[in-house]
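>>> Could you work out the structure for the sequence below:
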Amino acid sequence: MSNNPFHDTLDWALQGKYARVVAEGRTYEGWVERVHHSRGSVVMHNVTVDDTEELGSVFVRTPDIVEVIKPKKRIEWRSVDELRPFPDHDLDFEPKDDIIQACYRNQYAKSFPVVREDGTIINGHKRIKAARVAGLDHHPVEVIDVTNEQAAELFAVAHRSQLEETADDENQSTEAD
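Presented below is the predicted three-dimensional model:
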């Protein structure tokens, strides 16, 4: 991670993705390995140019357009009222002031909570609560299509420390009894 949040977001959005890059009237399609921020350039592999010529790996300097062709994330604008907590989530928490301020200032919490198709929050409960506190009606979220088992597993990974604390508290109360 760099010290520049824009560069970090650009890396996250492009690295490892299959993309279309347009530069100097030519169209390159391939896998993005690296983005050179100060030069505005992209390193790509398994590249096809103008849908005809196969080049292999290329360095495209100062592209006009960089477009992810097969995005892995599906971001939607959802009503905060339709989003509900994961069944195992501890609802006794307060969002951090900086997240509430970001919601108020930017109209979203600086990142996308992860929700199921039905609006169940898997990760991002504090960001959605911050959006509500800031008075937002809608918030962008990443929507994923997963089974109940997959959702429970993703929730457990995202909330490992919360689940460990709950287990420790239960063990201590059992030992005290």
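>>> Show me which positions of the helix or strand harbouring residue 151 end up buried.
Assessed by DSSP states H and E, residue 151 sits inside helix 148-158. Going by neighbour count (16 or more other CB atoms under 10 Å), the buried part of helix 148-158 is 151, 154-155, 158. For glycine as for every other residue, the C-beta is placed from the backbone atoms N, C-alpha and C.
>>> which of those residues lies closest to residue 120?
residue 151 (6.9 Å; CB to CB).
>>> Excluding chain neighbours, what is closest to the residue nearest to the spatial centre of the chain?
Nearest to the geometric centre of the chain sits residue 112, at 5.4 Å (CA atoms, centre = their mean). Leaving aside its chain neighbours, residue 112 sits nearest to residue 142 (4.5 Å; criterion: CB to CB, 6 or more residues apart in numbering).
>>> can you pull the contacts of that neighbour?
Residue 142 is in contact with 73-75, 112-115, counting by CB atoms under 8 Å, 6 or more residues apart in numbering.
>>> From residue 18, how far out is residue 55?
Distance of residue 55 to residue 18, computed by CB to CB, to the nearest Å: 15 Å.
>>> oh sorry, the question was meant for residue 34
Distance from residue 34 to residue 18, by CB to CB: 15 Å.
>>> all strands for the chain, in order.
18-23, 26-36, 41-49, 53-60, 65-68, 75-79, 114-116, 121-123, 138-144 (DSSP state E).
>>> Same list, these, but as CSV with mean pLDDT and distance to residue 97 please.
Below are these laid out as CSV (pLDDT from 0 to 100; distance: least, CB to CB, whole Å):
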stretch, mean pLDDT, distance to residue 97
strand 18-23, 92, 37
strand 26-36, 89, 33
strand 41-49, 90, 38
strand 53-60, 88, 42
strand 65-68, 88, 34
strand 75-79, 91, 24
strand 114-116, 96, 23
strand 121-123, 95, 20
strand 138-144, 93, 17
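>>> Break this protein down into its domains, please.
Following automatic domain parsing, one gets these domains for the chain: 5-68, 75-171.
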